[in-house]
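Engineer: predicted model, plus sequence, below.
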Amino acid sequence: MEELIRMLAEILAAARLKSTVCRGRAGEHYFQIGHAAFRRAISFIKERRELTLMDLWAAEDFGKSGLSLFYAFEREGSPGLLVLVVKLTGNGATSIAREYPIASYLERAVSDGFGIEFAGAFDTRRLFLHEVYPQGFHPLLKSFKNGPVKVNTEINAEDEYHFRDFEGEGVYQIPVGPVHAGIIEPGHFRFSVIGETIINLEIRHFYKHRGLEKLAEGMKPAEAVKIAETISGDESAANACAFSLAVEHLAGMEAPRRAWQLRAILLELERIYSHLGDLAGMVVDVAYPVGAAPFFVLREEILRQNATLTGSRFLKGVIVPGGLARDIEPLKLEKLHTYTEEFNPRLERALENISNSAWVIDRFETTGVVKKELIRPLHLSGPAARAAGSSGDTRSDHPYGPYPTPGSRPRTKEPGDVLARFQLKAEEIRDSIGIIQSIISLTRRGEVLAPVDSQEGFALSLIEAPRGQNLHWVYLKKGRVERYHIRTASFCNWLAIEHAVIGNIVPDFPLINKSLNFSYAGNDL
């Protein structure tokens, strides 16, 4: 990464284009350039074929007045990050979606939030602002003060959202949602089919956009961490930890050793109950509820362990900037260790039952394939990517706290189908149990909370949540949140399902969807 930074600086200097490089507080390199230098920088990065676009966000009045764009890149095998900071002279920018496909989604989000127009963009439709929001409304601008918004009660035809046209002889459209049976969150899935075979899928979400980034503005970090916990209920620990880690980076301090050990235990418990729910859901979706029952039972027991350790089944109210809000008693950790010893054989029996059920394996195998060549262009992460051949895992790629733990390594599978995801998540559950057991044996009494003096500055953090890589960027002024940007793994990963269903039949969609299990709430910020 250091070499790439140096080479990029030399190229811009040779072209007499101004740039400034500064090192962030967590290994990221902020490369501040003007709009004129941006295309030259992107051409260099694209030619090298070593960097993947992770995220794109905007901030107003960063440093000086006006809008700035932040393009974050990572390099496989390197813990460092490159962040291009592009100062805009107005509200116009250049699209890079043709070079980096995930940028199309990211640019649409920035356009909605800040009103920035990306020249050359091939998709300029709204993303999280549905047509009920008035034209010219951009809620992340400083000029908008949080409060009730007057929405459109009558939608004109030209304002309606237009799905991609997919026509031909025998092609039918099947709209599913946004309201679904049961208690799941809203999402619209527009299938194009010939018979039962899916030939195209387009997803539209953000029906429950909550404005969390705007809501955090003006809050102190101790208050804003509660916003982080509400991003996605089943990733409460991961997002609270990511926000807290960003604040700690900003303050130039580390949480106490015991706090990080306990954080890691909670993060792995969250991964376990998330994956157990996925295993059970996949088995239910092939009409084998009896086979799913043991996974549901184990998941419920993990949730009860969470409540015993922290007072919250979903691990809320415990991870805060500086460490933990309270310690966890050694006796409770000993009981958790005893439980994990009992957990393993029960998990293995449940898994053996599934592997011996030929009809289940037949439904899983070759269904819903995520192709490896999509991983980098769409920045797929987590089990969805690792089951398709990726070795990416934030715990080892961008270490934090006690990670990577001794003996741990990213699990990978090659087929990218439902079966690969089932098997990989089962292996990750085993690994998480092992991590918990090893950390409990190493824990020693000590402080769990250190003072955090975070007043001015910005910092980025990455966490490996159950679904993949979550990114948080925090910018503070006078001890309060000036800008809080969040990008969960689900935001990028949802695009994978549009490709995974192609060639499958409509009845297999629920199975494919459950095997990936992306978060609606974690997407609809």
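Structural biologist: Thanks, I have it.

Engineer: could you measure from V179 over to L127?
Structural biologist: Distance check for V179 against L127: by C-beta to C-beta, to the nearest Å, it reads 20 Å. (Glycine included, C-beta is placed from N, CA and C.)

Engineer: tell me which of those two has more neighbours.
Structural biologist: Higher neighbour count among V179 and L127: L127, with 20 against 10, using other C-beta atoms under 10 Å.

Engineer: report the secondary structure state of the more buried one.
Structural biologist: Under DSSP: H, G, I helix; E, B strand; the rest coil, the three-state class of L127 is coil.

Engineer: and if you look at P79?
Structural biologist: coil.

Engineer: sheet partners, orientation included, of the one helix or strand S192 maps to?
Structural biologist: Following DSSP states H and E, the helix or strand that holds S192 is strand 188-194. The strands beside strand 188-194 in its sheet (DSSP bridges) come out as strand 172-176 (antiparallel), strand 197-204 (antiparallel).

Engineer: tell me the most buried of those?
Structural biologist: Among these, ranked by average contacts under mean count of other C-beta atoms under 10 Å, first place goes to strand 197-204 (a mean of 17).

Engineer: contacts for that strand, please.
Structural biologist: Residues from elsewhere that reach strand 197-204 (C-beta atoms under 8 Å, 6 or more residues apart in numbering): 161, 163-164, 166, 171, 178, 187-193, 494-495, 497-498, 501-506, 509.

Engineer: export it as PDB, just CAs?
Structural biologist: Listed next in PDB are the C-alpha coordinates belonging to strand 197-204 (Å, rounded to 0.1, in the frame of the first residue of the first chain):
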ATOM      1  CA  THR A 197     -37.100 -20.000 -14.700                       C
ATOM      2  CA  ILE A 198     -35.800 -16.600 -13.500                       C
ATOM      3  CA  ILE A 199     -34.000 -14.700 -16.200                       C
ATOM      4  CA  ASN A 200     -33.800 -11.300 -14.400                       C
ATOM      5  CA  LEU A 201     -34.300  -9.900 -10.900                       C
ATOM      6  CA  GLU A 202     -34.300  -6.400  -9.700                       C
ATOM      7  CA  ILE A 203     -34.500  -5.500  -6.000                       C
ATOM      8  CA  ARG A 204     -35.900  -2.300  -4.600                       C
END
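
Engineer: now that strand: mean pLDDT?
Structural biologist: What strand 197-204 shows for mean pLDDT is 95.

Engineer: now it: how far from the chain's centre is it?
Structural biologist: Centroid separation for strand 197-204 versus its chain: 22 Å, with C-alpha atoms, centre = their mean, to the nearest Å.

Engineer: does anything pack onto whichever helix or strand comes after it? Which helices or strands?
Structural biologist: Remark: after strand 197-204, the chain's next helix or strand is helix 212-216, criterion DSSP H and E. Secondary structure elements in contact with helix 212-216, counted by 3 or more C-beta pairs under 8 Å, 6 or more residues apart in numbering; DSSP states H and E, are helix 221-229, strand 480-487.

Engineer: now render these as JSON lines, adding mean neighbour count, distance to F114 and mean pLDDT.
Structural biologist: As requested, those are exported to JSON lines (neighbours: other C-beta atoms under 10 Å; distance: least, C-beta to C-beta, whole Å; pLDDT from 0 to 100):
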{"stretch": "helix 221-229", "mean neighbour count": "21", "distance to F114": "20", "mean pLDDT": "96"}
{"stretch": "strand 480-487", "mean neighbour count": "22", "distance to F114": "11", "mean pLDDT": "96"}
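
Engineer: quick check: which of these is nearest to P415?
Structural biologist: Taking C-beta to C-beta, strand 480-487 is the member of the helices and strands packed on helix 212-216 nearest to P415, at 27.7 Å.

Engineer: need the contact partners of whatever helix or strand comes next after that closest one.
Structural biologist: Sequence-wise, the next helix or strand downstream of strand 480-487 (DSSP H and E) is helix 489-500. For helix 489-500, contacts defined as C-beta under 8 Å, 6+ apart pick out 102, 105, 201-203, 205, 232, 368-371, 374, 378-382, 384, 416, 465, 467-470, 512-513, 516, 518-520, 522-523.

Engineer: and helix 489-500 with strand 188-194, angle?
Structural biologist: 10 degrees (axes from the mean of the first three to the mean of the last three C-alpha atoms, to 10 degrees).

Engineer: export helix 489-500 as CSV, just CAs?
Structural biologist: Extracted C-alpha coordinates of helix 489-500, given in CSV (Å, rounded to 0.1, in the frame of the first residue of the first chain):
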residue,chain,number,x,y,z
ALA,A,489,-22.1,-5.6,4.4
SER,A,490,-25.7,-6.0,3.4
PHE,A,491,-25.6,-2.8,1.3
CYS,A,492,-23.2,-4.3,-1.2
ASN,A,493,-24.2,-7.9,-0.7
TRP,A,494,-27.9,-7.5,-1.6
LEU,A,495,-26.8,-7.1,-5.2
ALA,A,496,-25.4,-10.6,-5.2
ILE,A,497,-28.8,-12.1,-5.0
GLU,A,498,-29.9,-10.5,-8.3
HIS,A,499,-27.2,-12.6,-10.0
ALA,A,500,-27.5,-15.7,-7.8
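
Engineer: which helices and strands does the following helix or strand past that helix pack with?
Structural biologist: Following helix 489-500 in sequence order, the next helix or strand is helix 509-516 (DSSP H and E). Under the contact definition 3+ C-beta pairs under 8 Å, 6+ apart, helix 509-516 sits against helix 257-284, helix 358-364, helix 418-442, helix 489-500.

Engineer: give the buried residues for the third one.
Structural biologist: In this case it means helix 418-442. Of all the residues in helix 418-442, those buried under the rule 16 or more other C-beta atoms under 10 Å are 418-437, 439-440.

Engineer: thinking again about what came up before, wait, which of the helices and strands packed on helix 212-216 is closest to G80?
Structural biologist: Here strand 480-487 is closest among these (C-beta to C-beta), at 18.4 Å.

Engineer: strands paired with that closest one, and their directions?
Structural biologist: Strand 480-487 is paired, per DSSP bridges, with strand 468-477 (antiparallel).

Engineer: ok, what's across the strand from L476?
Structural biologist: Applying DSSP bridges to L476 gives these bridge partners: G457, V481.

Engineer: please renumber the chain so that the first residue is 36 from this point on.
Structural biologist: Let's use 36 as the start, then, which means that last one is L511.

Engineer: quick check: it touching H284?
Structural biologist: No: shown here, L511 and H284 do not form a contact pair, counting by C-beta atoms under 8 Å, at 11.3 Å.
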